[in-house]
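In: Let's see this in three dimensions:
(chains A and B)
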Amino acid sequence: DAKTTQPTSMDCAEGRAANLPCNHSTISGNEYVYWYRQIHSQGPQYIIHGLKNNETNEMASLIITEDRKSSTLILPHATLRDTAVYYCIVRGPTINAGNNRKLIWGLGTSLAVNP
Amino acid sequence: AAGVIQSPRHLIKEKRETATLKCYPIPRHDTVYWYQQGPGQDPQFLISFYEKMQSDKGSIPDRFSAQQFSDYHSELNMSSLELGDSALYFCASSRPSSVSTGELFFGEGSRLTVL
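Out: Sure, this is the predicted structure:
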């Protein structure tokens, strides 16, 4: 699985958009980009994922560059409850049931949302 | 909606003792994963099971073993506990690949403290 690079920490004002970048320059054609977050000492939470098109759900938007070497997670209106460590993970498709579906975590971005 | 249930939530053991953690995946999920997260570290993949068979193995010590039972719950057994085993242990489950978009659903974790 491709390696990802994220900034160690970021700050964001409450109510503003939080834009979290991720570099995955060695991503291969069939690998997806997943975003998870972990609020202090809680279980990681799935946010969104995509292959090459931009994606949006009720939590966030994911913008993937055309060459797929980087992506940005956007929290449109950050709240204090969005303070967490955000992980960008690249992983291949679930080819066979049960195979290769584990996630390999890297160093995420610690996002602090300030009042 | 039902989530991944882990028990116990907190456990305190002495060195060289044995501990057992339990995980109840979301109904109809076919794969269970175990992760270990030390203080200030990212989650490390230990082991996974698909349809009650071990499907992948990560950095799980030989002192640890795990299995998935006929009702799909899983147990992580840890023997000869060491101080360094103190960590949060997360269990996650995922849906069958035929209906899954690949995300893992995590429990709230079991915090093991070894004294």
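In: if I look at the residue positioned nearest the centre of chain A, how far off is chain B?
Out: For chain A, the residue sitting closest to the mean C-alpha position, by CA atoms, centre = their mean, is A:Trp35 at 2.7 Å. Separation of A:Trp35 from chain B (CB to the nearest CB, to the nearest Å): 10 Å. For glycine as for every other residue, the C-beta is placed from the backbone atoms N, C-alpha and C.
In: residue contacts, that residue?
Out: Taking CB atoms under 8 Å, 6 or more residues apart in numbering or on different chains as the criterion, A:Trp35 is in contact with A:20, A:22, A:46-49, A:60, A:62, A:73, A:86-89.
In: out of those, which touch chain B?
Out: A:Tyr46, A:His49, A:Tyr87 (CB under 8 Å from any CB of the partner chain).
In: The last one: what's its closest spatial neighbour, skipping adjacent residues?
Out: When you say that, I think you mean A:Tyr87. A:Gly108 (3.9 Å; CB to CB, 6 or more residues apart in numbering or on different chains).
In: Just list whatever residues bridge to the residue nearest to the centre of chain A.
Out: A:Ile48, A:Cys88 (DSSP bridges).
In: picking up where we left off before, between the ones next to chain B among the contacts of A:Trp35, which sits nearest chain B?
Out: A:Tyr46 (4.1 Å; CB to the nearest CB).
In: element containing the closest one, please.
Out: strand A:45-50 (DSSP states H and E).
In: For that strand, output the C-alpha coordinates as CSV.
Out: Taking C-alpha atoms only, strand A:45-50 is exported to CSV below (Å, rounded to 0.1, in the frame of the first residue of the first chain):
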residue,chain,number,x,y,z
GLN,A,45,-14.2,6.7,12.8
TYR,A,46,-14.6,6.4,9.1
ILE,A,47,-15.1,9.7,7.3
ILE,A,48,-15.0,9.3,3.5
HIS,A,49,-13.1,7.6,0.7
GLY,A,50,-12.6,8.0,-3.0
